[in-house]
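K.L.:
model the structure of this input:
(chains A and B)
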Amino acid sequence: MSEKSPILSIQNLRRDFKMGEETVHALRGVSFDIYPGEFVTIMGTSGSGKSTMLNILGCMDRPTSGHYILDGEHTEKLKGDALAKIRNQKIGFVFQSYNLLSRTTAIENVELPLLYNSKVSADERHRRAIEALKMVGLEDRMNHLPNQMSGGQQQRVAIARALVNDPVIILADEATGNLDTRTSYEIMMIFQQLHRQGKTIAFVTHEPDIATFSERTVTLRDGLLKKDVKNEMQDARTAFEALPPPEQFDEEE
Amino acid sequence: MGPITLIKISLKALLRNRMRTFLSVLGIVIGVAAVITMVAMGEGSKKSIKEQMTAMGTNAITIMPNQSRRGGVQMDASSSTETLEEEDVIALRKEATYIDAVSPLISVGGQAIVGNNNSPTSLSGVSADYLKIRNYEIADGVMFDDETDRMAKVCVIGQTVVKNLFPDSDPIGKTIRYKNIPLKVIGTLKAKGSGDFGQDQDDVIFTPYQTVMKRFGATTKIRQILANSIGEGYAEKATEEIMGILKERRSWTKPTDPFRIFTQEEMITMVTSTSDLLSLVLTAIAGISLFVGGIGIMNIMYVSVTERTKEIGLRMAIGARGRDILLQFLFESVIISLLGGAIGIALGVAASEIVKNVMNWPMSVSFMSVVVSFGVCFATGVFFGWYPARKASRLDPIEALRFE
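P.N.:
Residues are numbered from 1 along each chain as shown, chains lettered A, B, ... in the order given. Sure thing, here's the model as predicted:
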């Protein structure tokens, strides 16, 4: 793995926010690399700078100083429209609250990123959306509306939407935060499956048990890199099957 | 992202909020329909007035004594210093070159009676030229002659009078009584039809002017003289000539004119400018309702942008540029306004037809007003959609995604 060049590299990344007179240092010089095919979790308590880190990694925010190289491109130099293009073609977002368009079918939600890419024809858009939905096991729910689906299913649609543009990295922001343990593990099974297929994943969470399903954990504290360790990756399917069956689960509630 | 995809996105967004879309479309529909109907009303009445004025003779010239004013009060024509006389008519007929017909007009009010039938029609003392000036034609019988029928107790009557007095018989040769003086009907006039405004042009009785002067009025004064210019564009020259002849006869030296001369062209301009003003006021009122409809769109778009902040954030996160968001919202407001415009035009045209057929008002939907309305709708959509759309396009994706 060390022979490969990193797909994502941040070097001495700083981000300051001006709050009136005061300057808040959200990131105080963080450096790490992510290599192709890695499944990394980024952990930290609130205030550790992980949200700021995610926004910069997602090209929605720019660092005050330092470098952020994504797929060979120095993104810190780019502006509005160029950043939008990177978000559109190199990044797949999965959010905590799914962020699906209401009253819009699953397949239309998945097609959405491709609408903003003029190179993709309508036919290809449709074909790729179906493919992405198959990858998350929702090919029989294509024409369902978000309010006709469970939280887990909605998150799977969101994952399909993140996959559809074939991004160089999938960024997940507390993607299991709104789900119960069983469903969380199901979602983690999908992420592990994507990992096996060679996708690069950065997963932001504050739950330590979710981190055990990845192969590496980067921990931030007070805007600095605190730990960067390899994990013994737990199998999400095994963990899921070890859970008490759902009926019993319900009675315990 | 192509414009067609953007239009599709905008349409989908509008369909997701049907009730809201319907209500904002309605605002524009009412505005446009009002404008179309009001303009049709204004244009229609203008057209109808013009037609009537034309029917009265486009080349007609009216000569009246200049009314004297005392202390700002306009006095009656009879108290004016100068009066028209029969000699003026004769002089004009002989000397004027820019006119081809001259007739005095002296009216007497009253009613015509035949047996048990009567007709409340004023009696007009004219000469034979009057028919030419006012575009009347003889339907049956003959017109009286100025020389042979001088002071004769004869008359020519319009179709309304025929209907009133001789419902089932031929009027020619019969006698009508006007103020107890018998008048023999020697001719009838072809119907000119009644206009939508103004008086019935078939409700007339013509008799030689000397008959009125001697037998009815016992006067030598003539209230009005009418003339017919030799063609379009000669009205001004004819006016000057007439004034010259009339002044010469009186050796007039005062700086003010003794008479007033109106040409039909002037009358048309005067009347149409009045109706122009009226239709302008009506259209302005309707325009205000279109403006209010536009504000409705702006209001809806603002609410929509705020409500869909999270959607905007998501679209930006997955690669929408500010421009894409701007155009999406701009298209939404333009679609609302154009849809409203199309329905409004259809409704306005339908309303105009209904008013025309049911209430018998003269209505004229002009192609121009349809085109302009549609253009105004497009402009309204862009104008009132721009600010909310720009607000949407300038949202920070991070903030927008966090919005609850």
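
K.L.:
pLDDT weak spots in chain B?
P.N.:
Applying pLDDT under 70 to chain B picks out residues B:1, B:67-81, B:193-199, B:218.

K.L.:
and if we set it to 50?
P.N.:
In the predicted model of chain B, residues B:77-80, B:196 satisfy pLDDT under 50.

K.L.:
and the strands in it?
P.N.:
For chain B, the strands defined by DSSP state E cover B:60-65, B:69-70, B:73-74, B:99-108, B:112-114, B:117-119, B:123-126, B:138-141, B:154-157, B:175-178, B:181-189, B:205-208, B:224-229, B:259-263.

K.L.:
and for the stretch 1-150 of chain A?
P.N.:
In the stretch 1-150 of chain A, the strands defined using DSSP state E, counting those that start in this stretch lie at A:8-19, A:22-34, A:39-43, A:65-70, A:73-74, A:91-94.

K.L.:
now for these, which one comes closest to chain B?
P.N.:
strand A:91-94 (5.3 Å; C-beta to the nearest C-beta). The C-beta positions use only the backbone N, C-alpha and C, and glycine is treated the same way.

K.L.:
picking that back up, out of the strands of chain B, flag the one nearest chain A.
P.N.:
Each of these has some distance to chain A by C-beta to the nearest C-beta; the shortest is strand B:259-263, at 67.2 Å.

K.L.:
for the closest one, packing partners?
P.N.:
strand B:60-65, helix B:235-250 (3 or more C-beta pairs under 8 Å, 6 or more residues apart in numbering or on different chains; DSSP states H and E).

K.L.:
and residue B:160, how far from residue B:128?
P.N.:
Distance of residue B:160 to residue B:128, computed by C-beta to C-beta, to the nearest Å: 21 Å.

K.L.:
now residue B:140
P.N.:
As for residue B:140, its distance to residue B:128 is 16 Å (criterion: C-beta to C-beta).

K.L.:
so what's the residue count around the residue nearest to residue A:33 when sequence neighbours are not counted?
P.N.:
Excluding the flanking residues, the one nearest residue A:33 by C-beta to C-beta, 6 or more residues apart in numbering or on different chains is residue A:6, at 3.6 Å. Other residues within reach of residue A:6, judged by other C-beta atoms under 10 Å in any protein chain shown, total 18.

K.L.:
and the one 4 residues further on, by the same measure?
P.N.:
Here the number of neighbours of residue A:10 (other C-beta under 10 Å) works out to 24.

K.L.:
which residues touch the residue of the stretch 1-150 of chain A found nearest chain B?
P.N.:
In the stretch 1-150 of chain A, the residue that lies nearest chain B is residue A:88 (2.3 Å; C-beta to the nearest C-beta). The contact partners of residue A:88, taken as C-beta atoms under 8 Å, 6 or more residues apart in numbering or on different chains, are A:113, A:116, A:117, A:165, B:318, B:319, B:320.

K.L.:
quick check: closest non-adjacent residue to it.
P.N.:
Take residue A:88 and drop its neighbours on the chain: the residue closest to it by C-beta to C-beta, 6+ apart is residue B:319, 2.3 Å away.

K.L.:
residue nearest the middle of chain B, spatially speaking?
P.N.:
Centroid check for chain B by C-alpha atoms, centre = their mean gives residue B:46 as the closest residue, at 1.8 Å.

K.L.:
shouldn't that one be in contact with residue B:277?
P.N.:
No: using C-beta atoms under 8 Å, residue B:46 is not in contact with residue B:277, being 10.8 Å away.

K.L.:
can you count the residues close to the closest residue to chain A within the stretch 1-150 of chain B?
P.N.:
Residue nearest to chain A within the stretch 1-150 of chain B: residue B:16 (4.6 Å; C-beta to the nearest C-beta). Counted with other C-beta under 10 Å, residues neighbouring residue B:16 total 14.

K.L.:
check the one 10 residues further on too.
P.N.:
As a burial measure, the neighbour count of residue B:26 was computed by other C-beta under 10 Å and equals 16.

K.L.:
before we move on, what about the one 3 residues further on?
P.N.:
Residue B:29 sits with 22 neighbouring residues when counted by other C-beta under 10 Å.

K.L.:
what of residue B:245?
P.N.:
Applying other C-beta under 10 Å, we find 15 other residues in the vicinity of residue B:245.

K.L.:
got a list of what it touches?
P.N.:
If you count contacts by C-beta under 8 Å, 6+ apart, residue B:245 has them with B:91, B:92, B:95, B:96.

K.L.:
just give the nearest non-adjacent residue to it, would you?
P.N.:
Among residues not flanking residue B:245 along the chain, residue B:95 sits closest, at 5.3 Å (C-beta to C-beta, 6+ apart).
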